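[1] Everything below, folded, please.
(chains A and B)
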2 protein chains.
Amino acid sequence: MAGTLWSGPGHQTTETPAPPDAPSRLFMPHKVRIALDAMGGDFGPSVIVPGAQVSLDHHPGIEFLLFGDRAAIEPLLNQRPQLKAASRVIHTDVAISMNAKPSQALRQGRWKSSMSLAIDAVKRGEADLAVSAGNTGALMALAKFQLKTMPGIDRPAIAARWPTVRGASIVLDLGASIGADAAHLVDLAVMGSAMARVLFGRERPTVGLLNIGVEEVKGLEEVREAGAILRARNLPFLDYVGFVEGDDIGKGAVDVVVTEGFAGNIALKAAEGTARQIAQVLKEAMGRTVWSKLGYLLSRGAFRALADRTDPRKANGGVFLGLNGIVIKSHGGTDAEGFAYAVNMGYDMIRHDLLARIGETLTRESPDELPPRLIGGTRS
Amino acid sequence: MAGTLWSGPGHQTTETPAPPDAPSRLFMPHKVRIALDAMGGDFGPSVIVPGAQVSLDHHPGIEFLLFGDRAAIEPLLNQRPQLKAASRVIHTDVAISMNAKPSQALRQGRWKSSMSLAIDAVKRGEADLAVSAGNTGALMALAKFQLKTMPGIDRPAIAARWPTVRGASIVLDLGASIGADAAHLVDLAVMGSAMARVLFGRERPTVGLLNIGVEEVKGLEEVREAGAILRARNLPFLDYVGFVEGDDIGKGAVDVVVTEGFAGNIALKAAEGTARQIAQVLKEAMGRTVWSKLGYLLSRGAFRALADRTDPRKANGGVFLGLNGIVIKSHGGTDAEGFAYAVNMGYDMIRHDLLARIGETLTRESPDELPPRLIGGTRS
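    Numbers count the residues shown, from 1 in each chain, chains lettered A, B, ... in the order given. I've put the predicted structure just below:
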């Protein structure tokens, strides 16, 4: 299946009818145009350009707009004639540093920097989505300022695929904003389930609200209230199943895990850190004796399967949801292969019309259907 | 080192002079008396009593008070003469169910249930600490009500050992309360570092505040403010090093990781879930071919090392901090070995006088030394 980022069983992208991504253009219903911030990330064009090539190999229908320093980009393009033919370079001298604060990015980088110009291409309809490996705070600030939030959405969110034993789930918010009232949690459920419909091909993805098992009088009203709203609305495009806990994420208990951005970001990084930590302990242990080294050689296939299932590059790509346009944040330190995963996820979302799916759900959510108490209590 | 729960390098309990925990009583400076809620957990006495035996094997100086149903406890004690000699059974018919709400536990279980009586033994000085595998919400509610918070501490916290590549760190709060203002985060730093001094033998443990890398205008004021207070106070018993992110926990970047209870609980469970998930994927992959099965056999030692380092039983034991007495929550579903880890951690903390260490830090923290702006701004 073209563009599937996750190779495990369980969730799979379904695309009907499936146009084979063969080099022939006969089967391409339409081109997907992707704006790349070529200067973003720890390595700039030296990762972004080869990454674009990897994506193009998967999806020959992509066209790239590369924003950044022409002198740095063009030599890399000249080595890749196929990519060069599919790309246009738009020069700018300005690049936003990985350490810039969002306010600095807005002041100094707006309409000038490679990042801002890539987002602007989405706004003006010249590109279907923008991808940047630049700094998250700056990217979110510029994306919010330039694209604005969708009608009915107050605050944007960052969503990502989280590898599970069943395949993958969508988890959001991963740090676009801190704290969430019940209404925002409901918005997150709507946006996340639209993304799950697109990426997993589920008609009605299951949604869980992240909560803690400890009974506590104070502090979780918003999560409980969001649960009550989701149950009352019984939305056509999502199946709200209740609360889930931190250890349910990796089990793949639900397609979409909804939480507030601070806890979501910390959970994601704690899980990533644990995976790296286990890999390190195992590697050390396997190298300790001749027998374990031999054992490693014999089981290489198993280790390759594990590495493949836990490859952080495959989970690369934080999707900014809730804006009038799709922006994807790639890890700053990833390689070309990892960057391509972020681009390919964007490609999938365009091909399956993510924004229309979110809009569809929001439109169907007529406020008249809601019990008045719940409306008054949550949307301020 | 007797009673050390974590066998990795890095952090180690140091005890000077170290009394060898030999069966001889000559070297026992004093007995440690531990009150056990014998009815707590998914399995009640059938895990608690054998667990007590495992602890006694490690620390022959322990005396147990076993609260619960005499008819269920005594047959198990009769099979263990050594434990029987070191134990006293206090009968009660009342046990708090694993599903009881905290309010129910307070109403129906106070002064009657095995859980409440175990805590009461601590309050009356008959036991040095209480251990229960019963439900967390009920245990916290009863412990708070019966023991009250220490002078200078507003809200209790739950702390636990988190296995890292360097050994282990203390992480708190894991869900005793939701949300935290700057003053509470500072309290958590003080309590967590006292625990690290006791368990890791560090003079001045390093402390980090858990934060997210995403720059955001709103929402993190309390974390930033707590950082400013910790820097300004420059406390004698802790070394505040700044913010850490979710993936720094597993790296062992600091001895003590401080965060608010909702995010802390979710991070812990997400990390535990990831560890289980990786073990499952690896197990499946290793069983897939004859070669990988043979490889597994040859590398058994390495897998045993990994299992040992990531054994959730070794991280068992959530310590309730900030109360006038020590209460430890064991996982409800753990086995005798796991329950013993929780008991042994409590033993270590008594032997090193945890409460006095917390009090010491709180007393030295004279408010006169603080810049007035910070005091006014944080402690409400």
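[2] From here on, just use CA atoms for contacts and neighbour counts.
    Fine.
[3] Where does pLDDT dip in chain A?
    Within chain A, the ranges that satisfy pLDDT under 70 run A:1-30, A:214-219, A:309-310, A:312, A:363-380.
[4] For it, just list every one of the strands.
    Secondary structure of chain A (DSSP state E): strands located at A:32-37, A:62-68, A:87-91, A:129-132, A:157-163, A:168-172, A:206-210, A:239-244, A:256-258, A:318-321, A:326-329.
[5] Out of those strands, the one nearest chain B is which?
    Among the strands of chain A, the nearest to chain B by CA to the nearest CA is strand A:206-210 (8.0 Å).
[6] list the buried ones in the closest one?
    In terms of neighbour count (16 or more other CA atoms under 10 Å in any protein chain shown), strand A:206-210 has its buried residues at A:206-210.
[7] With stretch A:346-363 instead?
    Applying 16+ other CA under 10 Å to stretch A:346-363 flags A:346-352, A:354-355, A:357-359, A:361-362 as buried.
[8] Report how many residues lie close to A:R107.
    11 (other CA atoms under 10 Å in any protein chain shown).
[9] ok, now the one 5 residues further on?
    The burial count assigned to A:K112 is 17, neighbours taken as other CA under 10 Å.
[10] What of A:V290?
    Counted with other CA under 10 Å, A:V290 comes out at 12.
[11] Who are the contact partners of it?
    Contacts for A:V290 (CA atoms under 8 Å, 6 or more residues apart in numbering or on different chains) come out as none.
[12] please redo it, this time with the cut-off set to 10 Å
    A:296, B:298-299 (CA atoms under 10 Å, 6 or more residues apart in numbering or on different chains).
[13] before we move on, the earlier item: how about the buried residues of stretch A:346-363 in JSON lines, adding distance to chain B?
    What follows is the buried residues of stretch A:346-363, written out as JSON lines (distance: CA to the nearest CA, whole Å):
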{"residue": "A:G346", "distance to chain B": "21"}
{"residue": "A:Y347", "distance to chain B": "25"}
{"residue": "A:D348", "distance to chain B": "26"}
{"residue": "A:M349", "distance to chain B": "24"}
{"residue": "A:I350", "distance to chain B": "26"}
{"residue": "A:R351", "distance to chain B": "29"}
{"residue": "A:H352", "distance to chain B": "29"}
{"residue": "A:L354", "distance to chain B": "25"}
{"residue": "A:L355", "distance to chain B": "24"}
{"residue": "A:R357", "distance to chain B": "28"}
{"residue": "A:I358", "distance to chain B": "25"}
{"residue": "A:G359", "distance to chain B": "27"}
{"residue": "A:T361", "distance to chain B": "28"}
{"residue": "A:L362", "distance to chain B": "26"}
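[14] Tell me which two in those residues are the farthest apart.
    Maximum pairwise distance in the buried residues of stretch A:346-363, criterion CA to CA, is 22.8 Å, between A:Y347 and A:L362.
[15] Which neighbouring elements make contact with the lengthiest helix in chain A?
    Identified as the longest helix of chain A according to DSSP state H is helix A:261-286. Helices and strands touching helix A:261-286, by 3 or more CA pairs under 10 Å, 6 or more residues apart in numbering or on different chains; DSSP states H and E, are strand A:157-163, strand A:168-172, helix A:246-251, helix A:290-298, helix A:300-310, helix B:246-251, helix B:261-286, helix B:300-310.
[16] Roughly how far does the residue of chain A positioned farthest from its centre sit from B:Q108?
    Most distant from the centre of chain A: A:V290, at 42.3 Å, with distances by CA atoms, centre = their mean. As for A:V290, its distance to B:Q108 is 61 Å (criterion: CA to CA, to the nearest Å).
[17] go on, A:I158?
    From A:I158 across to B:Q108, the span is 45 Å (CA to CA).
[18] Which one of the contacts of A:V290 sits in the busiest neighbourhood?
    Within those, B:S299 tops the neighbour count with 26 neighbours, counted by other CA under 10 Å.
[19] related to what we said a few turns ago, A:I158 and B:Q108: who's more crowded?
    A:I158 (27 against 15).
[20] surely the more buried one meets A:N265?
    Yes: because the distance of 9.5 Å satisfies CA atoms under 10 Å, A:I158 is recorded as touching A:N265.
[21] list residues touching both of those two?
    A:171-176.
[22] just those that are near chain B?
    Near chain B, taking CA under 10 Å from any CA of the partner chain as the test, the members of those found are A:174-176.
[23] And the residues you listed, which is closest to chain B?
    Ranked by distance to chain B (CA to the nearest CA), these are led by A:G175 at 6.4 Å.
[24] That closest one - nearest residue in space that isn't next to it in sequence?
    A:G261 (4.0 Å; CA to CA, 6 or more residues apart in numbering or on different chains).
[25] Go ahead and confirm that neighbour touches A:R155.
    No: between A:G261 and A:R155 there is no contact under CA under 10 Å: 11.2 Å.
[26] circling back: neighbour count added to the shared contacts of A:I158 and A:N265, as TSV?
    Listed next are those as TSV, based on neighbours: other CA atoms under 10 Å in any protein chain shown:
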residue	neighbour count
A:V171	29
A:L172	33
A:D173	32
A:L174	28
A:G175	26
A:A176	26
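[27] of these, closest to B:P45?
    Using CA to CA, A:V171 is the member of the shared contacts of A:I158 and A:N265 that sits closest to B:P45, with 39.7 Å.
[28] List the beta-bridge partners for that closest one.
    With DSSP bridges as the criterion, A:V171 is bridged to A:A160, A:V257.
[29] measure it to B:M191 for me?
    Look at A:V171 and B:M191: by CA to CA, they are 32 Å apart.
[30] now A:N324
    A:N324 is 47 Å from B:M191, by CA to CA.
[31] Between these two, which is the more surrounded one?
    Per other CA under 10 Å, whichever of A:N324 and B:M191 has more neighbours is B:M191, with 28 against 17.
[32] so who does the more buried one touch?
    If you count contacts by CA under 10 Å, 6+ apart, B:M191 has them with B:153, B:156-157, B:159, B:172, B:185, B:197, B:256, B:258, B:321-322, B:354-355, B:357-359, B:361-362.
[33] Could you rerun that using 7 Å?
    Applying CA atoms under 7 Å, 6 or more residues apart in numbering or on different chains to B:M191 gives the contacts B:321, B:358.
[34] Likewise for A:K251?
    Counting by CA under 7 Å, 6+ apart, A:K251 touches A:164-166.
[35] Ok, A:G333 next?
    Contact analysis of A:G333 by CA under 7 Å, 6+ apart lists A:41-42.
[36] and if we set it to 8 Å?
    A:41-43.
[37] Also A:L230?
    When contacts are counted by CA under 8 Å, 6+ apart, A:L230 touches A:186, A:240.
[38] Distance check, it against chain B.
    21 Å (CA to the nearest CA, to the nearest Å).
[39] same deal with A:V254?
    For A:V254, the distance to chain B - CA to the nearest CA - is 14 Å.
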